[in-house]
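Trainee: Sharing a model that was predicted from the sequence below.
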Protein chains: 2
Amino acid sequence: MVEAASPAGRKAAGERTRRTILEAAAKLASVEGLDGLSIGRLADEVGMSKSGLYAHFRSKTGLQLATIGAADEIFRREVVEPGQAAPPGTARVVALCEAFLSHVERGVFPGGCFFTAAASELSVRPGAVRDRVVEWVGGWLGTIQAAVAEAQERGEIRKQADAAQIAFEANALIVTANIAFLLFGDPAVLERARRGVRDRLAAAE
Amino acid sequence: MVEAASPAGRKAAGERTRRTILEAAAKLASVEGLDGLSIGRLADEVGMSKSGLYAHFRSKTGLQLATIGAADEIFRREVVEPGQAAPPGTARVVALCEAFLSHVERGVFPGGCFFTAAASELSVRPGAVRDRVVEWVGGWLGTIQAAVAEAQERGEIRKQADAAQIAFEANALIVTANIAFLLFGDPAVLERARRGVRDRLAAAE
DNA sequence: CCCGATTCAGCACGATCGTTCGTGCTCTGG
DNA sequence: CCAGAGCACGAACGATCGTGCTGAATCGGG
């Protein structure tokens, strides 16, 4: 019961392979979709047997939920934290959008933003997985909105402006740029999103 | 259900069932995705055998391409034509966006905008189907942009404005409203998009 | 009135899907 | 040092996937 968690142990090894699986799963699912993500293909990808991989999760739904958790971790590290590092105010709003566009351009997920893909795929398919995605999207919008509200408190955006509206519009520009970038392969659309966000914030000064 | 021949003729009957299949396919694919659309399930839906249905298309890709054609027809009838019916100028831009949001709200496709879903699903999966979707999205953006350009020529939007940028932003607002509406089930997001489009056009006057 | 064409069902195929079970192997706690 | 926990494997299951082939209806043109 009272045992020191040894860094290199049998239990730790299991946790390590689990991480390996989920990292591959997040990237694969951004391309194939969370539903299209098949256990056999994922097992091939990480070089282990289907049943061995499956044992880590009690069902496909379990794998999907865990994959969302892993994707959230990556997104947080690659987008949210860099964005929050900027000083509060419009600078932070811009930084969040820029971090998002950057993670798209750098191909952090080979299929573009994981959650944009998941939201589109699962928006009309009831279940626990969908619920998690809905919750996540709400949180992300909340993150942007909070940054906008901070900018308001600092007087960089006028008090009468609708923070939720501005957050919705900024998000719309960057997630659409994500898809357009994947479709057309042209980084110019990312620049369009940047310009749109700047203009929108300037209009609300 | 394939029954009751009104305009008799064996060949006409074949064409009729083909239409029935494709209409069901377009609606089913908006929910399950073009890849998730399976021939067996579609056959059940229209009440015929898998092989009988399959004979109408030479492959699954053939079915997918035909389904895109059917979806385009529906979209054209439900969105493009009503939008184009408005007088040229900003009124037509607004009408196009409104027609789009309306077709989402009325559930013309049970899974929301067919092409938004298809674009998100296939953006990173090479093939003939993806190519068709890319082409379609380009055409749709062109339709909006043309309406914006008309508004410029009429002096309702200033000449120096970037029509492609405005079209991109308007499209971003309505397609994101589409997904958000499906995710949260709240028509308020559609109103957000309407407001965003109006504001954007007003800012470019 | 019959021949060719067309529509559709029945059946079967190999592959892959998610899932389960039993079996070793290796490491850990006592 | 031994018993047991935990990880990964191979094999197999029923279902479903896309895709063929065959044959029975049914209609149009000569």
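Mentor: Good, I have the coordinates.
Trainee: From now on I want contacts and neighbour counts done on CA atoms only, so please keep to that.
Mentor: Noted.
Trainee: What is the least confident helix or strand in chain A?
Mentor: Every helix and strand of chain A was ranked by mean pLDDT, DSSP states H and E. The lowest is helix A:10-32, at a mean of 92.
Trainee: Buried ones in that helix, by neighbour count?
Mentor: By 16 or more other C-alpha atoms under 10 Å in any protein chain shown, the buried positions in helix A:10-32 come out as A:Ile21, A:Leu22, A:Glu23, A:Ala24, A:Ala25, A:Ala26, A:Lys27, A:Leu28, A:Ala29, A:Ser30, A:Val31, A:Glu32.
Trainee: mind listing the helices for chain A?
Mentor: A:10-32, A:39-46, A:50-54, A:60-75, A:81-84, A:90-105, A:114-122, A:128-153, A:163-184, A:188-203 (DSSP state H).
Trainee: Now render the ones you listed as a markdown table, adding distance to B:Arg92.
Mentor: Below are the helices of chain A laid out as a markdown table (distance: least, C-alpha to C-alpha, whole Å):
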| stretch | distance to B:Arg92 |
| --- | --- |
| helix A:10-32 | 36 |
| helix A:39-46 | 48 |
| helix A:50-54 | 54 |
| helix A:60-75 | 39 |
| helix A:81-84 | 38 |
| helix A:90-105 | 30 |
| helix A:114-122 | 28 |
| helix A:128-153 | 30 |
| helix A:163-184 | 21 |
| helix A:188-203 | 22 |
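Trainee: Can you check which of those helices gets nearest to chain B?
Mentor: Ranking the helices of chain A by proximity to chain B (C-alpha to the nearest C-alpha) places helix A:163-184 first, at 5.0 Å.
Trainee: Neighbours of A:Ser59, how many?
Mentor: Per other C-alpha atoms under 10 Å in any protein chain shown, the neighbour tally for A:Ser59 reads 11.
Trainee: follow-up on the earlier one: in terms of mean pLDDT, which of the helices of chain A ranks lowest?
Mentor: For the helices of chain A, the weakest mean pLDDT is recorded on helix A:10-32, namely a mean of 92.
Trainee: got the angle between it and helix A:114-122?
Mentor: Angle, helix A:10-32 to helix A:114-122, by axes from the mean of the first three to the mean of the last three C-alpha atoms, to 10 degrees: 60 degrees.
Trainee: for helix A:10-32, packing partners?
Mentor: helix A:39-46, helix A:60-75, helix A:114-122 (3 or more C-alpha pairs under 8 Å, 6 or more residues apart in numbering or on different chains; DSSP states H and E).
Trainee: mind exporting the least confident helix or strand of chain A as CSV, just the C-alpha atoms?
Mentor: What follows is helix A:10-32, C-alpha atoms only, in CSV (Å, rounded to 0.1, in the frame of the first residue of the first chain):
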residue,chain,number,x,y,z
ARG,A,10,6.6,-3.1,-14.6
LYS,A,11,3.7,-0.8,-13.8
ALA,A,12,5.6,2.3,-15.2
ALA,A,13,6.3,0.4,-18.4
GLY,A,14,2.6,-0.2,-18.9
GLU,A,15,1.9,3.5,-18.4
ARG,A,16,4.6,4.3,-20.9
THR,A,17,3.2,2.1,-23.6
ARG,A,18,-0.2,3.6,-22.9
ARG,A,19,1.2,7.0,-23.6
THR,A,20,2.8,5.8,-26.8
ILE,A,21,-0.5,4.3,-27.9
LEU,A,22,-2.5,7.4,-27.1
GLU,A,23,0.0,9.8,-28.8
ALA,A,24,-0.3,7.7,-32.0
ALA,A,25,-4.0,7.5,-31.5
ALA,A,26,-4.4,11.3,-31.3
LYS,A,27,-2.5,11.8,-34.5
LEU,A,28,-4.2,9.0,-36.4
ALA,A,29,-7.6,10.1,-35.3
SER,A,30,-7.0,13.6,-36.5
VAL,A,31,-6.8,12.0,-40.0
GLU,A,32,-9.1,9.1,-39.9
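Trainee: State the distance from A:Cys113 to A:Val104.
Mentor: Distance of A:Cys113 to A:Val104, given as C-alpha to C-alpha, to the nearest Å: 6 Å.
Trainee: Up against DNA strand D, what does chain A have?
Mentor: Within chain A, the positions adjacent to DNA strand D are A:10-15, A:17-18, A:47-53, A:55-56 by C-alpha under 7 Å from any atom of the strand.
Trainee: before we move on, back to that, are there residues contacting both of A:Cys113 and A:Val104? Which ones?
Mentor: A:Asn178 (C-alpha atoms under 8 Å, 6 or more residues apart in numbering or on different chains).
Trainee: Does A:Gly40 touch A:Lys50 like I think?
Mentor: Yes. Counting by C-alpha atoms under 8 Å, A:Gly40 does reach A:Lys50; the two are 5.5 Å apart.
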